[in-house]
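Here is a sequence with its predicted model. Questions after.
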Amino acid sequence: MDRAEKRHKLLVTRKLPDDAEAAFAKAFDCQFNPEDKPYTPDALCRAADGCFGLAITSMDKFNADLIGKLPASVKIISTVSVGHEHIDLAAVKAKGLVATNTPGVLTDATADIALLLILGAARGAYWGERMVRENRWPGASMVKPLGHDVSGQRLGIIGMGRIGQAVAKRARAFGMTIHYHNRKELSPAEAEGATFHATLEGMLPHCDFVSINCAMTPETKNLINARTLALLPKGAIVVNSARGGIVEDEALISALTSGHIAAAGLDVFAGEPNIDPRYRDLPNVFLLPHLGSATLRTRTNMGLRALDNLTAFAQGKAPRDQLT
Ligand code: DGY
């Protein structure tokens, strides 16, 4: 790393894995957040003063107001996440800043979690685990409790980007047949036999399981709602490892209560960590606390990918994951 680059000041808003922070510290003059305490917008603006860049996370909300108030020294916002709905990109652009994200490095970890959700929701991992842990296992029975088969079932994937394709690959190994809805149809090599549906409405009646793997955008907000849930066959299972806001909680909870939807597996929630409390009482949901990319290796690689982007920018090059 050359000396000029070392002088660049960088604010890292949340704690990152040690190896990632060590690499950041080598490259830049970093202000870390060892307590991992979220900044208020005012405190963030004060801390950012003099910094050329910010390494942020999906927990940090960068709305137009905050972006407008960032000190003039700040030229780049690099989020350590693939999702970037927490950043108002139009405001970033209007202020002439650059924003970057970290695609690719969390694909496998997130796809693994999607499969955990499918298996956990279908096979009753939540109630099974509770029964054993709480010493409420009544002993052998051929008829209860029973879950739902995964193998031989039809999986509809909403959003067939990197993560959707990685989910499809894993689901095929479980003997599932793949359908997908995506903005564009994949090449035959990418689709590997998956059936494309140009509309969500066209796909849902063909799904025993639905996995949400699209980005959160104004178009996908509440995409899974009372109308679209009603298009699924009775007894379908819904899993979400993308973003909570894609599902309308009221509609999903009502479908889980009526039994139209047999079970759900959710790793992400609107307003997390303050989830709709009714989910906690439903026996047919398998809940995880946004663990999609939560492995040490993946989180470290996400940090390093953000660092690559910041380094390229500091060197006057185009960052590989530039969003604006
Ligand atoms: C992402 O990278 O978007 C993950 O959801 C972690 O925030």
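In hand now; what should we look at?

What helices and strands are in contact with the longest helix anywhere in the chain?
If you go by DSSP state H, the chain has its longest helix at helix 296-314. Judged by 3 or more CB pairs under 8 Å, 6 or more residues apart in numbering; DSSP states H and E, helix 296-314 is in contact with helix 18-27, strand 53-56, strand 76-79, strand 98-100. In this view, the C-beta of every residue, glycine as well, is placed from N, C-alpha and C.

Out of those, which is closest to residue 258?
Go through those one by one with CB to CB and the one that ends up closest to residue 258 is strand 76-79, at 38.4 Å.

The closest one and the ligand in contact?
No: taking CB under 6 Å from any ligand atom as the criterion, strand 76-79 and the ligand are apart, separated by no less than 7.9 Å.

what's near enough to touch residue 276?
When the contact criterion is CB atoms under 8 Å, 6 or more residues apart in numbering, the partners of residue 276 are 249, 253, 269-270.

Pull up the residues of the chain that are close to the ligand.
Taking CB under 6 Å from any ligand atom as the criterion, the chain approaches the ligand at residues 58, 81-83, 106, 292-293.

Among the contacts of residue 276, which ones are in helices?
Of the contacts of residue 276, the ones assigned to helices by DSSP H are 249, 253.

neighbour-wise, which of the contacts of residue 276 leads?
Highest neighbour count within the contacts of residue 276: residue 269, with 21 neighbours (other CB atoms under 10 Å).

I'd like the helices and strands packed on helix 296-314 written out as a markdown table, with mean neighbour count and mean pLDDT added.
A markdown table is the format used below for the helices and strands packed on helix 296-314 (neighbours: other CB atoms under 10 Å; pLDDT from 0 to 100):
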| stretch | mean neighbour count | mean pLDDT |
| --- | --- | --- |
| helix 18-27 | 16 | 98 |
| strand 53-56 | 26 | 98 |
| strand 76-79 | 26 | 98 |
| strand 98-100 | 24 | 98 |
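
Tell me how the protein divides into domains.
3-105+296-314, 107-287 (automatic domain parsing).

Kindly reformat the ones you listed as CSV containing distance to residue 322.
Compiled in CSV, those are given as follows (distance: least, CB to CB, whole Å):
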stretch, distance to residue 322
domain 3-105+296-314, 6
domain 107-287, 16
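
got the residue ranges for the helices in the stretch 51-200 of the chain?
64-69, 89-94, 107-122, 125-133, 162-173, 188-191, 200-203 (DSSP state H, counting those that start in this stretch).

Quick one: list the elements packing against the first one.
When contacts are defined as 3+ CB pairs under 8 Å, 6+ apart, helix 64-69 packs onto helix 41-48, helix 89-94.

just checking, what packs against the longest one?
When contacts are defined as 3+ CB pairs under 8 Å, 6+ apart, helix 41-48 packs onto strand 9-12, helix 64-69.

contacting residues around it?
Outside of helix 41-48, the residues within contact range by CB under 8 Å, 6+ apart are 11, 13, 31, 39, 54, 60, 65-66, 69-71, 73-74.

10 Å - rerun?
The list of residues contacting helix 41-48 from outside it, by CB atoms under 10 Å, 6 or more residues apart in numbering, reads 9-11, 13, 31, 33, 37-40, 54, 56, 60-63, 65-66, 69-71, 73-74, 77.

Then the last one?
For helix 89-94, the external contacting residues (CB under 10 Å, 6+ apart) are 62-68, 70, 76-77, 84, 88, 97-99, 323-324.

Go through it and flag the buried ones.
The neighbour-count check on helix 89-94 (16 or more other CB atoms under 10 Å) flags 89, 91-92 as buried.

gap between stretch 76-89 and the chain center?
12 Å (CA atoms, centre = their mean, to the nearest Å).

rewinding a little: determine which of the helices and strands packed on helix 296-314 approaches residue 152 most closely.
Residue 152 lies closest, by CB to CB, to one member of the helices and strands packed on helix 296-314: strand 76-79, at 39.4 Å.

Which neighbouring elements make contact with that closest one?
Judged by 3 or more CB pairs under 10 Å, 6 or more residues apart in numbering; DSSP states H and E, the packing partners of strand 76-79 are strand 9-12, strand 53-56, helix 89-94, strand 98-100, helix 296-314.

Determine which of the ones you listed approaches residue 112 most closely.
Nearest to residue 112 among these is helix 296-314; the distance by CB to CB comes to 9.6 Å.

Pull out the CA atoms of the closest one and give them to me as CSV.
Listed next in CSV are the C-alpha coordinates belonging to helix 296-314 (Å, rounded to 0.1, in the frame of the first residue of the first chain):
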residue,chain,number,x,y,z
LEU,A,296,-16.8,-15.8,9.8
ARG,A,297,-15.4,-16.5,6.4
THR,A,298,-18.2,-14.9,4.5
ARG,A,299,-18.4,-11.8,6.7
THR,A,300,-14.6,-11.4,6.4
ASN,A,301,-14.7,-11.7,2.7
MET,A,302,-17.5,-9.1,2.5
GLY,A,303,-15.3,-6.7,4.5
LEU,A,304,-12.4,-7.4,2.1
ARG,A,305,-14.5,-6.9,-0.9
ALA,A,306,-15.7,-3.5,0.4
LEU,A,307,-12.0,-2.7,1.1
ASP,A,308,-11.1,-3.6,-2.6
ASN,A,309,-13.7,-1.1,-3.7
LEU,A,310,-12.5,1.6,-1.4
THR,A,311,-8.9,1.0,-2.4
ALA,A,312,-9.7,1.2,-6.1
PHE,A,313,-11.5,4.4,-5.5
ALA,A,314,-8.7,5.9,-3.4
